[in-house]
Structures are given as C-alpha cells and as structure tokens.
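Undergrad: no sequence for this one, just the structure:
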C-alpha cells in the first residue's frame, strides 16, 4: 500500500518528465529534418528547444556540437563539447576530435582555451592516440617539452606501427634538442622496419650531432649510405650526406648528393646555402652566385612571413596583415618553384643516373 501511495504521488512528476522527453525528442527529430533541408538556423532553434527541455540529454549536445563545428563557431562548440564530456566522460573520443580542430583554428585570444581542452581530452582518454598527440603538441608549443614528449611517447607506444606518428615524435624531439631520444626512436624504427630508408637517415641526422670522435658520429656516413642503398631517392639522406662531404672537404662527392637532394625537392633552405658553397669550392662561380641569390631571396621571404605571423597573432582581425601574409606566401611558393627548376648541369646529372633512379649515386 505504501508503494502504491508513492506511485500515486509521483505520477504527475513522471507524466511531466515523460512528456518533456517526448517533446525534446520531437525537437531533435525536427532539427535533423531541418538540417537535411539546409535550414541550419531553424535546426539550431529546434535543438536549443530540446536542450531547454532536457538539459542533460547528450544527444542534444552532440547535435549542437556538430552544427557549430560545421559553421566554424568554435566558442559555442567548445561550450557544448565540454558539457557533453561532463555528461558522458567515458564515451570514446568525446572531446579529442574537437580539441584537435580547436587547436588548429585557435587565435591568440582562444589558444589558452584550446590548450585546456586538449589536456582535458588526454586526461579523459589516456589511451587515445589522437588525444595524446594533440596534448603533446600543445604542451611542446607552450614550452613544456618534458610533458609534451611524454604525451607523444605514450601515443607512439600505443600505436608503434604508425610510422608517420613516430616520425612526428622524432621531429618534435629534434626541436627539443634531444638527440639521444631521436637516436633511440629512429633505431627502434629501423629494427621494426629494417627496409625503411628514412629511419637510417634520421639516425644519421642526430648521430652527426655527437662529438666528432664518438661512435655515433663515426656511424653517420655508413647510416646515410645504407639509407641510399635502400632508397636512392631519399632526399634527406642526399642532403645530409652532401653536407657531411662538404664539411669534410670532399667537394667532388658533396656536389652530386646536394644536387640530387635539390632535384628531389628537399625543402630546407639550408640546402641552397650548402650547394652554393659546394659550387664555389669546386670552381663553379656562376652556379654558386645563382644558387646564393636563390638562397637569399627565399630566406628573406621566410623571415618576412615569420615576422608577419607574429604580428598577426597579436592582431588576428587585421585583414590587411592577413592579405600581406598571403601575398608573401605566394611569392615564397613562386621562388621555391623557380629554385626547383634544374640548371643545365643538373639536368645533365639527372640524365646520367642509372634507369629508375631520380637522384643520388650508389656506393
């Protein structure tokens, strides 16, 4: 009798609750129909009505979040995705995909919020590769290299077969000036994939940073030659080996590798400087002057873009500044494209290569 009496007393509340949920589901359905018709504003109003009726309904926040992301309304999306994470913290990838996009689209005024969401995503999903990668990158960008590399290391351990992720981790360690870490990760990469040329090239890149008489430094040339035996079109290996020979005074061997790296579109401006030096030391004054001009032009444009981007981070609404950045980027692309056009001697070098090789010499 007591139970029956309680049900009688609760009946009006249960009826109201059921009615409220039914009305909210109707608004969710109508919102989805509006979206199919391309009526985004009306869809948003339907979903906001559903949110008012059932503020703890995760489906409401999923719908609004996707809408706001599609519209580029990141501040509004941030509110709903964080609320969704509050409601269903165990749901897979509840925040990581949005945090990745939020970081990518952030400005100086919104970057700190993006960082908070990236770190929260990693805390919610400590076994999510994407969440750990985004958290690692933002930590590195904030200057916390130790924490950032720890996140990235955990991501790589969760997915060791992801070669691009491992390469990203290695590049971030290079930025952090961690040659021992790079050497260990690259060595693990070559052990896992012994036929992968880039792993040996990366090992050589950091081995060369060790003292000249160290075992690591002495292994540099051999690692690069192995990389080129595995893949004669490895631009990094050509560029690095050319620099090694240039530094050792072996200009005859340096020039072909530096030219091969250029033909293979190695995109570091330092290659042009090294190539101009190699030309100069080999008596090719005209070629040296030409490549040096290209180096100076590209370096000037890269420095200008870096300066403009720092200014833009302080004034994200400055459209004139954004236009100038775009113009300089286009000029840089044109300069790089012009620099990639091989000169006559380099064309002759390319034609002289064995069939099937686009650069480099075999050893």
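TA: In hand now; what should we look at? Please read these numbers as outputs of a predicted model, since none were measured by experiment.

Undergrad: from the contact counts, what lies against the strand or helix carrying residue 67?
TA: When secondary structure is defined by DSSP states H and E, residue 67 falls within helix 58-71. The contact analysis (3 or more Cβ pairs under 8 Å, 6 or more residues apart in numbering; DSSP states H and E) places helix 58-71 against helix 2-36, helix 40-53, helix 74-87, helix 96-105. In short, each C-beta sits where N, CA and C put it, glycine included.

Undergrad: average pLDDT for the first one?
TA: For helix 2-36, the mean pLDDT works out to 65.

Undergrad: tell me the angle the helix holding residue 67 makes with helix 74-87.
TA: 160 degrees (axes from the mean of the first three to the mean of the last three Cα atoms, to 10 degrees).

Undergrad: can you give me the buried ones in helix 58-71?
TA: If you call a residue buried by 16 or more other Cβ atoms under 10 Å, then helix 58-71 has these buried ones: 58, 60, 61, 62, 63, 64, 65, 67, 68, 69.

Undergrad: dump the residues you listed to JSON lines, plus pLDDT.
TA: As requested, these are exported to JSON lines (pLDDT from 0 to 100):
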{"residue": "58", "pLDDT": "91"}
{"residue": "60", "pLDDT": "90"}
{"residue": "61", "pLDDT": "90"}
{"residue": "62", "pLDDT": "92"}
{"residue": "63", "pLDDT": "92"}
{"residue": "64", "pLDDT": "92"}
{"residue": "65", "pLDDT": "91"}
{"residue": "67", "pLDDT": "92"}
{"residue": "68", "pLDDT": "91"}
{"residue": "69", "pLDDT": "91"}
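
Undergrad: of those, which is the nearest to residue 253?
TA: Compare each of those with residue 253 using Cβ to Cβ and the shortest gap goes to residue 69, at 53.2 Å.

Undergrad: what sits against the closest one?
TA: When the contact criterion is Cβ atoms under 8 Å, 6 or more residues apart in numbering, the partners of residue 69 are 77, 98, 101.

Undergrad: show me where the stretch 151-300 of the chain has helices.
TA: Taking DSSP state H, counting those that start in this stretch, the helices of the stretch 151-300 of the chain run over residues 163-175, 179-192, 197-207, 215-218, 220-230, 235-247, 251-263, 270-281, 285-314.

Undergrad: among those, which is nearest residue 43?
TA: Nearest of these to residue 43, taken as Cβ to Cβ: helix 285-314 at 33.8 Å.

Undergrad: thinking again about what came up before, can you give me how far the helix holding residue 67 is from the chain middle?
TA: Shown here is helix 58-71, whose average C-alpha point lies 25 Å from the average C-alpha point of the whole chain (Cα atoms, centre = their mean, to the nearest Å).

Undergrad: swap in stretch 266-274?
TA: 21 Å.

Undergrad: contacts only, for the residue nearest the centre of the chain.
TA: Centroid-nearest residue in the chain: residue 168, 7.3 Å away (criterion: Cα atoms, centre = their mean). Counting by Cβ under 8 Å, 6+ apart, residue 168 makes contact with 133, 152.

Undergrad: likewise for residue 83?
TA: Residue 83 sits next to residue 61 when contact means Cβ under 8 Å, 6+ apart.

Undergrad: quick one: contacts for the residue nearest to residue 59 when sequence neighbours are not counted?
TA: If you skip the residues right next to it in sequence, residue 59 has residue 28 as its closest partner in space, 6.1 Å away by Cβ to Cβ, 6 or more residues apart in numbering. Under the criterion of Cβ under 8 Å, 6+ apart, the neighbours of residue 28 are 46, 47, 50, 59, 60, 63.
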